[in-house]
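> Give me the fold of what follows.
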Amino acid sequence: MPTFDLGLLIPLLAAHFVTDFVLQSDRQVANKGRPGVFLLHILITGVCAYLLIGDFQEWRIPLLLAASHGLIDLLKLRLVSSGSLKEPTAFAADQLAHLLVMLSLSAIDWNRVGLLEPWWQDRNPASYLTALLYLAGLIATTQGAGLYIAKLLPALLDTDTGKLSSETGFARAGRYIGYLERLLLFIFVMADQLPAVGFLIAAKSIFRFQKAQEERKQTEYVLLGTLLSFTAGIALSFATRALLP
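Coordinates of the predicted model:
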């Protein structure tokens, strides 16, 4: 069974989530088919990985990460534009492929081909890696999960959820509510306050039950979105906790 170097895996995860979900706007995603926008995203991916890895003599790993990231994104664009994959499947496959690349890179014994000497190694490596892991987990739990849910809901409900949201007056509010509830889930799991997680789920369930008399599609949209949000938030929070150094 391969062993993974957390000192490399965690910076790569942080670089990936920062690049894909923080430093990439909705407009950039929509125009990713343009060469300039696409190349800028790949460049930012490599630079962010280079900075977070912290070994400024090591350029091979950021280069491999950026090149693989570009190939995966290019393949995703082709498959979506040709209709071979729908957006939710393409998003999940894209993120899984990026994760497999990062796991593969962190499973390589880089000391055999050149010693990794990040600047943080002789200072406080546990604190540095913990901070990066919290950052990566927080972004994945809030923004990453939110983007996936936004793509998945229309496919599951077979309806235009954007129109549904605008008709009921919470086109953006639903997104921010999802961010906040998953942020609270993340904080509670990290603080080992599991009873608070149960309280949050119960409180929101009671609120949603009061809305059960709404139009059926609206009710399905809210309930399914809530369940997906809680499931993703809990799963990603525990995954982050499992990786803590």
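
> Break the chain down into its domains, please.
As given by automatic domain parsing, the domain ranges for the chain are 6-123, 139-242.

> out of the ones you listed, nearest to residue 133?
Nearest of these to residue 133, taken as C-beta to C-beta: domain 6-123 at 5.1 Å. For glycine as for every other residue, the C-beta is placed from the backbone atoms N, C-alpha and C.

> tell me how far the ends of the closest one are from each other?
Domain 6-123 has an end-to-end distance of 16 Å (C-alpha to C-alpha, to the nearest Å).

> for stretch 76-90, same thing?
Start-to-end, stretch 76-90 (C-alpha to C-alpha) is 6 Å.

> buried stuff in the strand or helix carrying residue 64?
Applying DSSP states H and E as the criterion places residue 64 in helix 60-81. For helix 60-81, burial by neighbour count (16 or more other C-beta atoms under 10 Å) applies to 61-62, 64-66, 68-70, 72-73, 76, 79-80.

> Ok, stretch 232-245 next?
Within stretch 232-245, the residues that count as buried by 16+ other C-beta under 10 Å are 232-234, 236-237, 240, 243.

> Show me what the helix of greatest length in the chain is packed against.
For the chain, the helix reaching the highest residue count under DSSP state H is reported as helix 216-242. Packing partners of helix 216-242 (3 or more C-beta pairs under 8 Å, 6 or more residues apart in numbering; DSSP states H and E): helix 125-139, helix 145-157, helix 161-168, helix 173-190, helix 194-210.

> All good on my end, thank you.
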